[in-house]
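**Student:** when you get a sec, could you give me coordinates for this:
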Amino acid sequence: MTTQNNPKSDDILKKIFQMQQDYTSLLKLDRYPVSLDEKISVLCTAIIHETIELQRLTSWKWWKKPVPLNQELAKEELIDIWHFVVQASMELELTPEDILKEYERKNQINRQREATGY
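**Tutor:** Numbers count the residues shown, from 1 in each chain. Next comes the predicted model:
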């Protein structure tokens, strides 16, 4: 049984894409780039910066006293990354089905590399 709060697993990525599309339609995009190249560039920059925000929650500085990871904040930063990854996917006209297909393809390449000592 599929509900709004508990969708079937094959519908989850579609729902995420729809939520991103709905959210994007609410944004004032007058400063958002027009060309695909520039869109991907600014989305990569956003992903990098959100990744740094996630990393800052970890004890990556070996010279400092470690602190426990705040998992709730880490999850929030990871979801911020997902927002930009999904937007970049949409800009590149990747559907959830395309993502699965490409993920499977690349996963097979990675497995072959691992098997051959890459």
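**Student:** the lowest-mean-pLDDT helix or strand in the chain - contacts with which helices or strands?
**Tutor:** When each helix and strand of the chain is scored by mean pLDDT, DSSP states H and E, helix 9-26 comes last, with a mean of 92. Helix 9-26 sits against helix 71-91, helix 96-115, with contacts defined as 3 or more Cβ pairs under 8 Å, 6 or more residues apart in numbering; DSSP states H and E. Bear in mind the C-beta positions are built from the backbone N, C-alpha and C, glycine included.
**Student:** buried residues, it. List them.
**Tutor:** 13, 16-17, 20 (16 or more other Cβ atoms under 10 Å).
**Student:** flag the shaky bits of the chain, pLDDT-wise.
**Tutor:** For the chain, the stretches with pLDDT under 70 are 1-7, 9-10.
**Student:** which residue is nearest the middle of the chain?
**Tutor:** Central residue of the chain (Cα atoms, centre = their mean): residue 82, 2.7 Å from the mean position.
**Student:** surely that one and residue 19 touch.
**Tutor:** No. With contact defined as Cβ atoms under 8 Å, residue 82 does not reach residue 19; the gap is 10.5 Å.
**Student:** so what's the residue nearest to the centre of the chain closest to, chain neighbours aside?
**Tutor:** Sequence neighbours aside, residue 16 is the residue nearest to residue 82 in space, at 7.4 Å (criterion: Cβ to Cβ, 6 or more residues apart in numbering).
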